[in-house]
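> have a look at this prediction, sequence included:
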Amino acid sequence: MKAKEPKKRKEKRETEIPSVDEDSGNHKEPPPETAEVAETEKSPPGRTGLRASIDFKARGEPFVWIMGGALALGVLMIIGFLALVLWNGIVTFYPGPVEVVTLKNGKKIAGEPFRSESFRPSEDQLKGVDPESRRAIREADGFASRTLYRIGNFDVYNEDFKWAVAHQVAKTETPPGIFFVERREWGPFIGFIKTLTLDGRSVPGEKVSLGTLYAAHDEAVARREAVRSIEVDEIGAINYYIEEDRLALRRTELDYGKKSAEYHTEKEKFERQTKERRAGFTVLKKRIAAINEEDEKYKITLTEIGGREKQLRLSELVRIYPANDLSFFGKMGVYFSRWGEFLTDDPREANTEGGVLPAIFGTVMMTLLMVVFVAPFGVVTALYLREYAKQGTLVSIVRICVNNLAGVPSIVYGVFGLGFFAYTIGIRIDQLFYPEKLPNPTYGTGGLLWASLTLALLTVPVVIVATEEALAAVPRSMREGSLACGASKWQTIRNIVLPQAMPGIMTGLILAMARGAGEVAPLMLVGVVKLAPELPFDSFFPFLHPERSFMHLGFHIYDVGFQSRNSEAGKPMVFVTTLLLIAIIAFMNAFAIMIRNRLRRKFVEGQF
Amino acid sequence: MVSNTAVVEQEAEFETTAYHPVESELGSVIDIDEFSFWYGEKQALFGNTMKIQKELVTALIGPSGCGKSTLLRALNRMNDLIDGIRSEGKIAIEGTDIHDPRVEVIELRKRLGMVFQKPNPFPMSIFENVVYPLRVDGIRDRNLLEETCERSLRDAALWDEVSDRLQDNALGLSGGQQQRLCIARAIASEPEIILMDEPCSALDPIATARIEDLIAQLKENFSIVIVTHNMQQAARVSDNTAFMFLGRLIEYGETKKMFMNPMHVRTSDYITGRFG
């Protein structure tokens, strides 16, 4: 501080001179030269203090600190949030060791350590505790520590997690040969392999090599996929065509009445066709039975730590690995295989396991559809508001209303979307175009189309405001140059104004996209479901089915985190799904920003 | 600036315009007859009458706010873009009243190319900039576009500098080149008249000299009206000069005579630098 003193003084004098000059007339103060001399020589104490404070305020330093502090706080919160999501999301799929805990009463727990915490045991809990541990707890102000183990084997134990309190633990070990088994049903199984039955011949667990196990498992998975493909694709196709035929029949009934000749011929045709198609079922069912018969020959018998056995078909396993014998690369293999499953598979077990592919698909599809709706609508509206409408009170009111729309709670949009799009427009569409499907609604219920439109409505103010600003920022000289060339107003807007405003419009779209992709509340009303049986996109004409309900990552987070049987098990999935949602939004934004920058470069290239 | 009382005293002498322009052999191209103009309540032009001569350069000079730009922009109705304008009197281009309801303002503007104070090339290629007036006419014939581009760029004395990079972005050119590009664009639709609104005020002396040379060449084929703040420039490039003050045409006459021997006392005050 002291070293700075002389410099400060000098600044002070320089800034002070003009004000003294101005005041000199009124206050009869000494002329500036004298003041200067006086200050350098003795500097009266009272005035220096006053000047210092004026100086301080004038430089606005407290405000700079406040501004900088606010920014730093904001950045810190964002970084903290991202770090939390990133860390939790990234480590979730990394396979941990399986610990076997032997309690002092002789019971054994085997599981993945999930988290540890310290807690204050009640007097009751301390009753049976040995004196030594009791003393230790007392020394720690009554706190003891405990670890939560993910024990799996839900079908055997009826619970997924178990606490192991530190003072009850006799020993903790990580024995080799214990397997972590992910199953299609009932969650993971933790235990040892007792026997492996391959093609009817049993091999005891100790003699099973991992290579044989994995090879057999791969084959079993291939069989499972084959069955699934028959069930979903081929039987699905037959059902689809039978339904089409039924609808055709119903259409004839609606057109000609039940007693007409047309209806009778159509009905005969329908019955004949359905019979033929049903014959297809028998063939397919035989194929499935054959595969299942083969599948029965490949089984695995597992024993949990307490000795109880569980026999499973190999095809019921998703993944099996010896948790304590894995090398780093082995663990990475499991890690990436889990990510792969997460990104490309359908959800299982009430969404808490398996993948989120339908949700990814639904999110991206809905956001893209939303942009398709909101971009032209918002841009055209803004063009009229800014370029054609006569600026006056009315336009100002419209503009204020548009801005205020952005502040309406999103659930209100959801209610509106359901009431207007689905229940008003959708039901009319059904009556006009899909009468044969009634009373089953086609468009008369929530679906991808209505969800996109609702979100488009929600985000249109953002696009309008951004577009208006971008249009206003196009220099007047450009418009004049174009008009002076004999271009009409529309030609000027199309050729000169719009291309130049494009980067700004894109910014608006990016903001709208980010907002739309992260919105959940209105979607729950207009088409997002916990589990969508069909994707809104498949191999049946017209391929895109915008009337179908769909899954969404945002809703998936809510569902897994707060609506599932076991919220403890869902927590890691919440983080992973959040990470994925953020990544998808970031990716879409990055793509849009890339396009915008390309456009911008075109306009700013080497000015002077 | 003169005080208000002085203006009122001199009101009387404004009413007569000293009028002695060089007459072109081809006659006049623009006839301005008692033209007055208002921005809302504020009157900017007070009943001005002048004949702009064909294929000559007419310079409009005067202090800031005297209405010379307003007059220039009235000629191709660029003022129409502003809300609340009103005009009286008549402007005729080759005998056609430009305010006639049957006149398409778009067609009118094609007959009057315009060059602005600040170079305003569009953010597209040099080629597209030059052929823009043809593009808006819907012309797609590649040969015609290329011919026009070359002819206009040659006329604007820019061809040699840019002929090898016609597809480059026009914003990459220097300020002087950009202004010549704007001139090329203005003449691409083969107008009869070129309006220039202080075309050199954003340029350095060398670029200015090139534009002035260009104006001298262009007057072979075009009638040019140029607004300028630079009296030396007016003296160098123009045949006739119009001096305006407070919305009135004070003196309109042959440039040489006007600068050597102005007939009006205000003109002589202005060109000798006593005010403005």
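Good, I have the coordinates.

> ok but B:Ser69 is inside a helix, no?
Yes. The assignment for B:Ser69 is a helix, going by DSSP: H, G, I helix; E, B strand; the rest coil.

> I'd say it and B:His229 touch.
No. Using CB atoms under 8 Å as the test, B:Ser69 is too far from B:His229 to be in contact (10.4 Å). For every residue, glycine as well, the C-beta is placed using N, CA and C.

> shared neighbours of these two, anything?
In terms of CB atoms under 8 Å, 6 or more residues apart in numbering or on different chains, B:Ser69 and B:His229 are both contacted by the residues B:Glu198.

> more neighbours: those two, which one.
Neighbours were counted for B:Ser69 and for B:His229 using other CB atoms under 10 Å in any protein chain shown; B:Ser69 has more, 20 against 16.

> list the contacts of the more buried one.
If you count contacts by CB under 8 Å, 6+ apart, B:Ser69 has them with B:197-198, B:227.

> ok, A:Tyr298 next?
In this structure, A:Tyr298 makes contact with A:197-199, A:216, A:219-220, A:313-315, judged by CB under 8 Å, 6+ apart.

> any idea of the pLDDT on the closest residue to B:Asn230 other than its chain neighbours?
Of all residues beyond its chain neighbours, the one nearest B:Asn230 is B:Cys200 (7.1 Å), with distances taken as CB to CB, 6 or more residues apart in numbering or on different chains. Here, the pLDDT recorded for B:Cys200 equals 88.

> what about B:Cys200, distance to B:Pro63?
Taking CB to CB, to the nearest Å as the measure, B:Cys200 and B:Pro63 are separated by 18 Å.

> of the two, who's got more company?
Legend: neighbour count by other CB under 10 Å for B:Cys200 and B:Pro63, higher for B:Cys200 (25 against 15).

> and the more buried one, what element?
Applying DSSP states H and E as the criterion places B:Cys200 outside every helix and strand.

> quick check: it touching B:Glu212?
Yes. Proximity of B:Cys200 to B:Glu212 meets the contact threshold set by CB under 8 Å, at 7.4 Å.

> tell me, what's touching the two both at once?
Counting by CB under 8 Å, 6+ apart, the common neighbours of B:Cys200 and B:Glu212 are B:Gln233.

> how close does A:Tyr488 get to B:Pro205?
No, residue A:488 isn't Tyr; it's Ser. From A:Ser488 over to B:Pro205 the distance is 38 Å, taken as CB to CB.

> more neighbours: the two, which one.
More neighbours sit around A:Ser488 than around the other of A:Ser488 and B:Pro205, counting by other CB under 10 Å; the figures are 15 against 8.

> wait, what's in contact with the more buried one?
Listed by CB under 8 Å, 6+ apart, the contact partners of A:Ser488 are B:106, B:136.

> who are the neighbours in contact with A:Glu519?
A:410, A:455, A:458, A:554.

> what about it? Give its phi and psi, please.
When read as degrees, to the nearest 10, the backbone of A:Glu519 gives phi -80, psi 140.

> B:Asp33 too?
Per-residue torsions, B:Asp33: phi -130, psi 110 (degrees, to the nearest 10).

> so A:Thr381 sits against A:Ile464, correct?
Yes. With contact defined as CB under 8 Å, A:Thr381 reaches A:Ile464; the gap is 5.4 Å.

> which one's more surrounded, these two?
The residue with more neighbours, out of A:Thr381 and A:Ile464 and counting by other CB under 10 Å, is A:Ile464; that gives 28 against 18.

> pull the distance from the helix or strand hosting the more buried one to the chain's centre.
In this structure, A:Ile464 sits in helix A:448-472 according to DSSP H and E. Mean C-alpha position of helix A:448-472 versus that of the full chain (CA atoms, centre = their mean, to the nearest Å) differs by 21 Å.

> model confidence score at the nearest residue to A:Gly177 once chain neighbours are set aside, please.
What sits nearest to A:Gly177 in space, not counting adjacent residues and going by CB to CB, 6+ apart, is A:Phe192, at 6.1 Å. What the model reports for A:Phe192 is a pLDDT of 90.

> wait, is A:Phe192 part of a strand?
Yes. Secondary structure of A:Phe192, determined by three-state DSSP: located in a strand.

> give the contact list for it.
So A:Phe192 contacts A:177-179, A:205, A:302-303 (CB under 8 Å, 6+ apart).

> list the buried residues for stretch B:122-129?
By 16 or more other CB atoms under 10 Å in any protein chain shown, the buried positions in stretch B:122-129 come out as B:122-129.

> make that stretch A:589-596, sorry
Neighbour-count burial for stretch A:589-596 flags A:589, A:592, A:596 (criterion: 16+ other CB under 10 Å).

> how about that stretch and chain B, any contact?
No. If you take CB under 8 Å from any CB of the partner chain as the test, stretch A:589-596 misses chain B, and the best it gets is 14.7 Å.

> same question for that stretch, mean pLDDT?
In this model, stretch A:589-596 has a mean pLDDT of 86.

> other residues contacting it?
Residues lying outside stretch A:589-596 but in contact with it, judged by CB under 8 Å, 6+ apart, are A:502-503, A:506-507, A:509-510, A:513-514.

> rerun at 7 Å
Stretch A:589-596 has contacts (CB atoms under 7 Å, 6 or more residues apart in numbering or on different chains) with A:503, A:506-507, A:509-510, A:513-514.

> swap in stretch A:255-273?
Taking CB under 7 Å, 6+ apart as the criterion, the residues outside stretch A:255-273 that touch it are A:245, A:249, A:252-253.

> cool, and stretch A:327-342?
Contacts to stretch A:327-342, defined as CB under 7 Å, 6+ apart, come from residues A:93-95, A:319, A:321, A:354-356, A:576.

> just give me the neighbour total for the closest residue to A:Val398 other than its chain neighbours.
In space, and not counting its chain neighbours, A:Val398 is closest to A:Leu385: 6.7 Å by CB to CB, 6+ apart. Other residues within reach of A:Leu385, judged by other CB under 10 Å, total 19.

> mind checking how far A:Ala216 is from B:Leu145?
72 Å.

> and the strands in chain B?
B:18-20, B:28-39, B:42-53, B:57-61, B:85-93, B:96-97, B:112-115, B:193-197, B:223-227, B:240-245, B:248-254 (DSSP state E).

> what residues of the first one count as buried?
For strand B:18-20, burial by neighbour count (16+ other CB under 10 Å) applies to B:Ala18.

> the helix holding A:Ile464 and chain B, are they touching?
No. Taking CB under 7 Å from any CB of the partner chain as the criterion, helix A:448-472 and chain B are apart, separated by no less than 14.0 Å.

> next SSE downstream of that helix?
Proceeding C-terminally, helix A:448-472 gives way to helix A:476-484 as the next helix or strand, assigned by DSSP H and E.

> can you tell me, leaving aside adjacent residues, what's nearest to A:Arg348?
A:Gly354 (3.6 Å).

> for the one you found, what are its contacts?
A:Gly354 neighbours (CB under 7 Å, 6+ apart): A:341, A:345-348.

> one more time with 6 Å, if that's ok
Applying CB atoms under 6 Å, 6 or more residues apart in numbering or on different chains, one finds that A:Gly354 lies in contact with A:345-348.

> equivalent analysis for B:Arg266, please.
Under the contact definition (CB under 6 Å, 6+ apart), the residues listed for B:Arg266 are B:245, B:250.

> against chain A, how distant is it?
31 Å (CB to the nearest CB, to the nearest Å).

> lowest confidence element among the helices and strands of chain B?
Evaluated with mean pLDDT, DSSP states H and E, the helix-and-strand set of chain B has its lowest mean pLDDT in helix B:4-14, which scores a mean of 47.

> next, B:Gly62: phi, psi?
When read as degrees, to the nearest 10, the backbone of B:Gly62 gives phi 150, psi 160.
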